[in-house]
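# my questions concern the predicted model and sequence given below.
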Amino acid sequence: MVIGKPPISYVDGGLGYNNPILPLIDEARHLWPNRDIGCIVSVGSGILLSKDIGSSLVPLFDSLKAIATDSEKAAEEFREDIRAKHGVNQKVYFRLNVQHGLEQVGLEEWNETERIFVATRDYTRREWAQIDACASQLHNPTGM
């Protein structure tokens with residue numbers, strides 16, 4: 001069932017629309033209008049590395065591509081909206097995203113599995129409390 005066309009024009013499958021959290025919420029509320037959303041788990045693909053765009057076209061285009069395919073801005077905006085509505089300690093929305101170690105790994109670089117494994121393992125060790133809270137919410141959702 002197609003609810004409606006998102007208000008974005010697509011250039012490719014991900015350019016400018018890599019985190020469809022708002023259409024997801026709209027779709028869920030349309031399909032189940034009388035149910036609370038118990039838990040939202042958003043899985044990121046790493047944080048962009050800040051870097052100088054340089055003075056030639058190649059670094060500029062690379063930077064523009066990275067900005068256009070970034071999903072973190074939508075995640076941050078949604079997190080702030082949820083916190084404003086449900087408080088800082090809300091237990092409905094969880095964003096799991098490796099913060100360090102994947103800056104130089106592109107989405108197409110499947111052969112970097114060892115680097116991805118190490119960065120993800122380190123992230124899960126640091127963020128175990130959030131992962132545990134997410135699992136608890138999935139097991140016993142409170143809704144929003």
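Nice, I can see it. What you see is a predicted model; the values in this text were computed from it and never measured.
# and residue 43, how many neighbours does it have?
10 (other C-beta atoms under 10 Å). Placement of C-beta: from N, CA and C, glycine included.
# right, and it touches residue 96 too?
Yes. Judged on C-beta atoms under 8 Å, residue 43 makes contact with residue 96 at a distance of 5.2 Å.
# where in this protein is the helix or strand with the lowest mean pLDDT?
For the chain, counting by mean pLDDT, DSSP states H and E, helix 57-68 ranks last in confidence among helices and strands (a mean of 58).
# name the SS class of the residue nearest to residue 38 when sequence neighbours are not counted, please.
Using C-beta to C-beta, 6 or more residues apart in numbering and skipping the chain neighbours, the partner closest in space to residue 38 is residue 141 (2.5 Å). Secondary structure of residue 141, reduced to three states by DSSP: H, G, I helix; E, B strand; the rest coil: coil.
# please apply the same query to residue 41.
Going by three-state DSSP: residue 41 is strand.
# so it touches residue 133, yeah?
No. Taking contacts as C-beta under 8 Å, residue 41 lies outside contact range of residue 133: 11.1 Å.
# what sits in contact with each of those two?
residue 94 (C-beta atoms under 8 Å, 6 or more residues apart in numbering).
# so what touches the strand or helix carrying residue 119?
Assigned by DSSP states H and E, residue 119 belongs to helix 113-126. For helix 113-126, contacts defined as C-beta under 8 Å, 6+ apart pick out 46, 98, 99, 100, 101, 102, 105, 131.
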